[in-house]
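> sequence and predicted structure below; questions after.
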Amino acid sequence: MISVSILYDSGERRVDFVLHPTDLSQASERAFHHALAIAIRSGSQFTLLHAVGRRATDNWVDFPSVRSTLGQWRAAGTVAGLEDSTRRASISKIEVDIRDPVAASMQYIGRHAVDMIVMATTGRRGLARLVRAPHAERLARESKIMTLFVPEGGRYFVAADTGEVTLRRILVPVDPATDPKPAMIRAVGSATLLDDPSLEITLLHVGEGEEMSVTDVPDLPFCRWKALQRSGDVVEQILGVADEIEADAIYMTTTWDKAGFGKVTGAVTEGVVAGAPCPVATVPVERN
């Protein structure tokens, strides 16, 4: 039997600094709304970063304004009662004179204590991943910082027009070779983003034989735990269950292992990020 243990009072560092690298695309707008909502609800510092040369800089002024977006959300009444955390949030919007977005972001991260990166992803599968790794995944791997990937299509948990956060159902894949507790702890902590916290966290183990049990999880009034067992291809099962339970997000610990020679599909994390029907939060850990 696979036993999962978690302590809520974990000492995990809170999210005090959110970085959103953007290519000024329509896909990046959805990630921008997630990054901004997380920052203002956490009272965090927030930086919107653009690497010059990725797109015409004229698009920079057309990209959604933080001020106008917050004004729209206030008019919708969604951020009522969040004025204190909004005032604590320090917001900046910068361009970096480096063409490579990963290099630009890494330079910024080297000078600032970033706790979370929020990025858009359009997904890339099969041989295309080996030929040209997506910038978002490269940055997450190189920075070793918790990253939220927001897909261009599929479900999302922040409404662009109102800023409403609907993060209720979270899927946490459990791999016996990788400690799942950091992802579980971050999933529980996401309740702070909700006006009326109510979470359902589903733990999923993909493998033969052993059943999974949930033990020593925090008994919290706003959190309900479930455990599922599946067999078959790991990535396919994770994506299938995410659709089955209509997950609002997937939280997963990862060592960001690179694909070996001949492994066209790459590691599990890359496969999940490429095909996820909802945002994916990756929490980096060391290999056991």
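That came through, no problem.
> tell me where the stretch 51-200 of the chain has strands.
Secondary structure of the stretch 51-200 of the chain by DSSP state E, counting those that start in this stretch: the strands cover 91-96, 116-121, 146-151, 169-173, 199-206.
> going by mean pLDDT, which of the ones you listed comes out lowest?
For those, mean pLDDT drops lowest on strand 91-96, to a mean of 81.
> what residues of that strand count as buried?
The neighbour-count check on strand 91-96 (16 or more other C-beta atoms under 10 Å) flags 91, 93, 96 as buried. No exception for glycine: its C-beta is placed from N, CA and C like everyone else's.
> helices and strands around it, which ones?
strand 45-51, helix 101-111 (3 or more C-beta pairs under 8 Å, 6 or more residues apart in numbering; DSSP states H and E).
> among these, which is nearest W225?
strand 45-51 (31.2 Å; C-beta to C-beta).
> so how far is the first residue of stretch 109-122 from its last?
Stretch 109-122 has an end-to-end distance of 23 Å (C-alpha to C-alpha, to the nearest Å).
> D115 contacts M146, doesn't it?
Yes: using C-beta atoms under 8 Å, D115 and M146 qualify as a contacting pair, with a distance of 6.9 Å.
> who's in contact with the residue lying closest to C223 once chain neighbours are set aside?
Using C-beta to C-beta, 6 or more residues apart in numbering and skipping the chain neighbours, the partner closest in space to C223 is L199 (4.7 Å). For L199, the contact set (C-beta atoms under 8 Å, 6 or more residues apart in numbering) comprises 167-170, 187-188, 190-191, 222-224.
> give me the buried subset of those.
Neighbour counting over the contacts of L199 (16+ other C-beta under 10 Å) leaves 167-170, 187-188, 190-191, 223 as the buried ones.
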